[in-house]
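**Student:** got a sequence here, can you model it:
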Amino acid sequence: MSKKDSDYIPKLEQAIAQKYGEEAINNPARFWSADKEKEYITQSQEERRKFRAQDETQDNVEQDGFFINQKLLSRDQNRTCPVCKKYSFRPRDDLYMNKFEACFECFARYISGREERWSTGWRPNKEE
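**Tutor:** Predicted coordinates for the structure are as follows:
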């Protein structure tokens, strides 16, 4: 082993320590103890219990060969705006569809600033 090779590793460790800190070159086992190991094991077992309990509470239904959460099936699938009759996949439209029964564009055009009139039942004519 040449002198050049033997100096390479210490210099590399020194450069890493300068750039990233002393912890970067230390062995991780140095900071680990039997108490930390026990604590880690109990935490991981608790997480597994939580996940199992969550899986048991979810009702999955088989549909077309796939298991789907029951909550997803019970959602309203109508994504057509009753005002302008446009179909939308945008999540932003979901908010306005749930609250005002209109897409975002119809909200901006007909509802924004006139929520009271909308809540009393006013809807635009087909010409508007």
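
**Student:** now for the protein, the helix or strand with the poorest mean pLDDT.
**Tutor:** Between all helices and strands in the chain, the lowest mean by mean pLDDT, DSSP states H and E belongs to helix 70-73, at a mean of 70.

**Student:** and the next helix or strand past that one?
**Tutor:** Of the helices and strands lying after helix 70-73 in sequence (DSSP states H and E), the nearest is helix 91-100.

**Student:** please save the CA atoms from the least confident helix or strand of the chain in PDB.
**Tutor:** The C-alpha coordinates for helix 70-73 follow below in PDB (Å, rounded to 0.1, in the frame of the first residue of the first chain):
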ATOM      1  CA  GLN A  70     -66.800   1.400   0.600                       C
ATOM      2  CA  LYS A  71     -66.500   5.100   1.200                       C
ATOM      3  CA  LEU A  72     -65.200   5.600  -2.300                       C
ATOM      4  CA  LEU A  73     -68.200   3.800  -3.800                       C
END
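
**Student:** now the spatially most central residue of the chain: how far from P82?
**Tutor:** What sits nearest the mean C-alpha location of the chain, by C-alpha atoms, centre = their mean, is P91, with 14.0 Å. For P91, the distance to P82 (C-beta to C-beta, to the nearest Å) stands at 19 Å. Every residue, glycine included, has its C-beta placed from N, CA and C.

**Student:** and if you look at V61?
**Tutor:** Using C-beta to C-beta, we find V61 at a distance of 29 Å from P82.

**Student:** can you classify V61 by secondary structure?
**Tutor:** strand (DSSP: H, G, I helix; E, B strand; the rest coil).
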